[in-house]
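Trainee: Structure, please.
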Amino acid sequence: MVVSCCATLSKSDAAPDGLINNHAYSLLDVFDVHGTKLAKLRNPWSTENYHGEWSDKDPRWTPEVLKMVGHKLDNDGVFHMPFHKFFSKPYFRSTTVSLYRDFKSTKLYTVEQKVEQLFMTV
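Mentor: Residues are numbered from 1 along each chain as shown. Take a look at the predicted model:
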């Protein structure tokens, strides 16, 4: 099982595209939709404020694409954003991934995200 959590920046000005500052989100999955990588995220408060590219109101959500990624257009806290935005400032400051098999073999990885850093390999 893989559990991952990401955190937005701690700033006084508004977070971009409706995200909440100094807040944790779950990174659920990454999809490739017709050549565009999308991060599937969830707000643990079960509400959606994100209104950027690929938000639930984006016209790119066709019935075919909704079925492809198993998404429903509902205010349930689950939303998608372009993966390159997920890794760029000023969106998220860190991502923590826990690879869980059993108690003794759990590994925890944390990535402090920087503009120059696009991907992490383990």
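Trainee: Where do the strands of the chain begin and end?
Mentor: In the chain, the strands defined using DSSP state E lie at 2-8, 24-33, 36-42, 78-82, 92-99, 107-112.
Trainee: Burial-wise, tell me which of the ones you listed comes out on top.
Mentor: Counting by mean count of other C-beta atoms under 10 Å, strand 78-82 has the highest mean neighbour count of the strands of the chain, with a mean of 22. (C-beta placed from N, C-alpha, C; glycine too.)
Trainee: What residues does the residue positioned nearest the centre of the chain make contact with?
Mentor: Taking C-alpha atoms, centre = their mean as the criterion, residue 41 is the residue nearest the geometric centre of the chain, at 3.7 Å. Taking C-beta atoms under 8 Å, 6 or more residues apart in numbering as the contact definition, residue 41 lies against 6, 25, 26, 27, 28, 50, 78, 79, 80, 81, 86.
Trainee: Leaving out the residues flanking it, which one is nearest to it?
Mentor: residue 25 (4.8 Å; C-beta to C-beta, 6 or more residues apart in numbering).
Trainee: same deal with residue 61?
Mentor: residue 73 (6.3 Å).
Trainee: Check residue 39 too.
Mentor: That would be residue 86: by C-beta to C-beta, 6+ apart, it lies 4.2 Å from residue 39.
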